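[1] Quick one: sequence plus predicted model below, questions after.
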Amino acid sequence: MKQPLSKRSTIAEIAAKAGVSIPTVSRVLHHRPDVAPETRKRVEQLLEEHGFVHSRTKDLLRKERSNIVDMLVPALDSMYIFEIARGVEEVLARSELRLAISSTHHSLQVEHHLLDKIQDGSSDGAILVLAHGAPQHFDPLRHRNIPFVVVDHGGELGPDVPSVGATNWLGGRTATEYLISLGHRRIAVIAGPSTLRCSQDRIAGYRSALENVGLAVNPAFIRPGKFIPESGYEQANVLFDLPELPTAIFAGCDEQAIGVYRAANERGLRIPDDISVIGFDDVSTASIVTYLDDGAPTINGNGTSCHHNATTPDRRRTT
């Protein structure tokens, strides 16, 4: 016979009877994959015995729109994130929807926690930027019929996970080909974290462009970093300390390119006279670097064109 439990202590009592933690019961209720099969079976059996049905009221309320779309981002410290948020907000406003942004602080645990919050709430949808969770971690969103899309996932996603992203390989190749077309042969790349798929793909595109014209890939010219100006500055200084300097640098994002400009300026290197720099993302900050004589060309996210944010002299390099 089913045994009714008090409304506020249900999960706690189920956890106690099953000999597990309250978060474990919550993971079972949310259809999370990170629960041992035996434990899941035991918890589900107790839930059935006590007639516990999770969030039925919330499921009914979900039919009423909240007009809020949640967006999870790794941090609020990048123009790349701000550009995405600005674009998303503009589109949502046309449908009278509001955007709620939360930061995971680059933590997978926080990402899972925030996903749980979205599943428990009345969100009309979710946008997950640079998420790191495995594809199965998004299954609970499907079970709760919450529309979602992953933007530039940090790893591999299956074909059944809705996702969008920059054409990173093509962008890396296009940027490098552009520098080669100017006559450069010693081309360096400053990328993002080596663990991110987008960084790996941009470097792969860079390698492909060099190999396509028979240029050797110099390992010392490949500098992983972070997608922030400080990293561009640090890695540029490493490159500038090499016995043989590169004549051009492909920065993995426009913010890194800003750091490269700063390092070059401090070294007395003129851009583009002494060294050429190209960025990636085409964010607005690339056009407001006021201490530069010339703006940097930058590859936009689709990797199909090179946008100049200011006039760049048409000069060919042979070094």
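    Received it, and whenever you're ready, just let me know what you need.
[2] Pull the number of nearby residues for residue 67.
    Using other Cβ atoms under 10 Å, residue 67 has 12 neighbouring residues. For the C-beta atoms, the positions are set from N, CA and C on the backbone; glycine is no exception.
[3] pLDDT below threshold where in this structure?
    1-10, 51-65, 154-155, 282-319 (pLDDT under 70).
[4] What does the residue minimising distance to the centre of it show for phi and psi?
    Here the mean C-alpha position of the chain is nearest to the C-alpha of residue 130 (Cα atoms, centre = their mean), at a distance of 2.4 Å. In terms of degrees, to the nearest 10, the main-chain angles of residue 130 are phi 50, psi 40.
[5] can you check the one 10 residues further on too?
    Backbone geometry at residue 140, expressed as degrees, to the nearest 10, gives phi -60, psi -30.
[6] ok, it to residue 126 distance?
    11 Å (Cβ to Cβ, to the nearest Å).
[7] any idea how far the residue nearest to the centre of the chain lies from residue 75?
    From residue 130 to residue 75 the distance is 9 Å (Cβ to Cβ).
[8] ok, now residue 248?
    Using Cβ to Cβ, which is the criterion applied here, residue 248 is 29 Å from residue 75.
[9] And these two? Which one has more around it.
    For residue 248 versus residue 75, neighbours defined as other Cβ under 10 Å are more numerous around residue 248 (25 against 13).
[10] Contacts only, for the more buried one.
    179, 182, 184, 186-188, 275-278, 317 (Cβ atoms under 8 Å, 6 or more residues apart in numbering).
[11] tell me which of those residues is nearest to residue 87?
    residue 278 (22.7 Å; Cβ to Cβ).
[12] With only the CA atoms kept, save the one helix or strand residue 201 maps to in PDB.
    Taking DSSP states H and E as the definition, one finds residue 201 inside helix 197-212. Taking C-alpha atoms only, helix 197-212 is exported to PDB below (Å, rounded to 0.1, in the frame of the first residue of the first chain):
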ATOM      1  CA  ARG A 197      37.500  21.900 -29.000                       C
ATOM      2  CA  CYS A 198      37.300  25.400 -30.600                       C
ATOM      3  CA  SER A 199      40.900  26.000 -29.800                       C
ATOM      4  CA  GLN A 200      42.000  22.600 -31.200                       C
ATOM      5  CA  ASP A 201      40.000  23.200 -34.400                       C
ATOM      6  CA  ARG A 202      41.500  26.700 -34.900                       C
ATOM      7  CA  ILE A 203      45.000  25.400 -34.500                       C
ATOM      8  CA  ALA A 204      44.200  22.500 -36.900                       C
ATOM      9  CA  GLY A 205      43.000  25.000 -39.500                       C
ATOM     10  CA  TYR A 206      46.200  27.000 -39.000                       C
ATOM     11  CA  ARG A 207      48.300  23.900 -39.500                       C
ATOM     12  CA  SER A 208      46.300  22.900 -42.600                       C
ATOM     13  CA  ALA A 209      46.900  26.300 -44.200                       C
ATOM     14  CA  LEU A 210      50.700  26.100 -43.600                       C
ATOM     15  CA  GLU A 211      51.000  22.500 -44.800                       C
ATOM     16  CA  ASN A 212      48.900  23.300 -47.900                       C
END
